[in-house]
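Undergrad: sequence and predicted model, in that order:
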Amino acid sequence: MSLKLGKSFNRCYNLRIPILKGFYNIGIFIDKRSTFLLFKIDPDFSEINYYSKNIKINMFKNLESSKFCETFIDLHNFRKNTLDISNQFEKIKPEYTSDISFVFNESIVLSKVEIAEKSIFDCLNIYGFTINSYSEEFIFILTERHNIQKRLGKKIVRTSGLQIGTSSSLEMLDSYNQERLTAGKRDFSDSIDRDQVIKI
């Protein structure tokens, strides 16, 4: 079934990602004048009936709703008159640098804009991450769209995510996430001054 893009999208960047014994062909469609972004995903498996049933795909317009980002990634938000950043990738959380790896880090420059004698790039940054113990079964693609609104003298950064993983890799992700949440609660309770607790 073909994907109808209409007039909203006018650029496409393609990735071919290996998962298990096949591939996913991923199209990232963007508009060169805005932060609009859309994924198109096509599986390429010789044994599609067996492998595709074991793989789940999730898309995230809000990265804060992603367990992967909540657990492993520090996101950056910033806003002022000339800059509007929402959930930009900052870094892998230090405690997880041995559990998570980059599998790619690519940048596509669409144009260079001069604002107040500064060169600013209108671009698309694409980051790929995997869980090391499931490197053949899990990928999280974070797309970061930098759009320059020259008329307003403003740079807008918006991010989206695409997660592809097997059932077992997603169970491991749930386990990491639960462990982090539990550790957070434990740290909070341990920080209470026991002398200030009123015993009844």
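TA: Received it, and whenever you're ready, just let me know what you need. Numbers count the residues shown, from 1 in each chain.
Undergrad: could I get the full set of strands for the protein?
TA: Ranges of strands in the chain, per DSSP state E, are 11-19, 22-30, 37-45, 55-60, 73-80, 83-92, 100-115, 118-131, 138-149, 154-166.
Undergrad: can you mark which positions in the fifth one are buried?
TA: This means strand 73-80. 73, 75 (16 or more other C-beta atoms under 10 Å). All C-beta atoms are positioned from the backbone trio N, CA, C, and that covers glycine.
Undergrad: residues in contact with that strand?
TA: Under the contact criterion C-beta atoms under 8 Å, 6 or more residues apart in numbering, strand 73-80 has outside partners 63-64, 69, 84-93, 129, 142, 159.
Undergrad: any low-confidence regions in this structure?
TA: Applying pLDDT under 70 to the chain picks out residues 1-8, 47-53, 184-200.
Undergrad: and residue 155, what are its bridge partners?
TA: residue 83, residue 148 (DSSP bridges).
Undergrad: list the contacts of it.
TA: Residues counted as contacts of residue 155 (C-beta under 8 Å, 6+ apart) are 82-84, 120, 146-149.
Undergrad: what is the nearest of the residues you listed to residue 24?
TA: Distances from residue 24 to those, taken as C-beta to C-beta, are shortest for residue 146 (25.1 Å).
Undergrad: give me the number of residues near the closest one?
TA: Neighbour count for residue 146, taken as other C-beta atoms under 10 Å: 20.
Undergrad: go ahead and flag the most central residue of this protein.
TA: Nearest residue to the geometric centre of the chain (C-alpha atoms, centre = their mean): residue 142, 2.6 Å.
Undergrad: that one contacts residue 63, correct?
TA: Yes. Here residue 142 lies in contact with residue 63, judged by C-beta atoms under 8 Å, at a distance of 7.2 Å.
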